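When you get a sec, could you give me coordinates for this:
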Amino acid sequence: MVDVEHFSLNKMLQLNHTFKPFDGTNFKSWKIRMNALLEEHGVLDIVTTDIPPEKDRTEEWKKRNAVCKSKIIQHIADTRLNITAGKAFAFTIYKELEKTYERKSIVSQISVKSTSEA
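Residues are numbered from 1 along each chain as shown. Down below sits the predicted model:
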């Protein structure tokens, strides 16, 4: 058991942010945790709204995108980092993860349901 009184607030917050990096499994659970983390850092909108046109990308938006991208990459296992290669925007990474792994989750759920009904 951790003695909370001996940790600084910063250390406690760091403990709360340690969750298993996404390794290709349990995407739905990982996404819930990631959304909470991004919301806490005030950058969830970076992955939920379209990338602004280049002329509208302010320095603030670019910094927020960098923070968001960093948080996502830090929570992806080495075996899955290839999905981030060459992508400059957190939005693009997140959409690629959703496209790849939410579909697999749905297929897996349908497959499980089909076999359990048989």
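
ok, and the helix or strand in the chain with the lowest average confidence?
Here the helix or strand of the chain ranked lowest by mean pLDDT, DSSP states H and E is helix 9-16, holding a mean of 51.

ok now the helix or strand hosting Lys28, how far from the chain's centre?
In this structure, Lys28 sits in helix 27-40 according to DSSP states H and E. Here helix 27-40 shows a centroid-to-chain-centroid distance of 6 Å under the convention C-alpha atoms, centre = their mean, to the nearest Å.

And for stretch 30-45?
Counting by C-alpha atoms, centre = their mean, stretch 30-45 comes out at 7 Å from the chain centroid.

my guess is Asp23 contacts His75, does it?
No. The pair Asp23 and His75 does not pass the contact test of C-beta atoms under 8 Å, sitting 10.4 Å apart. For glycine as for every other residue, the C-beta is placed from the backbone atoms N, C-alpha and C.

out of the two, which sits in the more crowded spot?
In this view Asp23 and His75 are compared by other C-beta atoms under 10 Å, and His75 has more residues nearby, 17 against 13.

Now do the contacts for the residue lying closest to that one once chain neighbours are set aside.
Once flanking residues are discounted, His75 sits nearest to Pro21: 5.2 Å by C-beta to C-beta, 6 or more residues apart in numbering. Pro21 sits next to Gln74, His75, Ile76, Ala77, Arg80 when contact means C-beta atoms under 8 Å, 6 or more residues apart in numbering.
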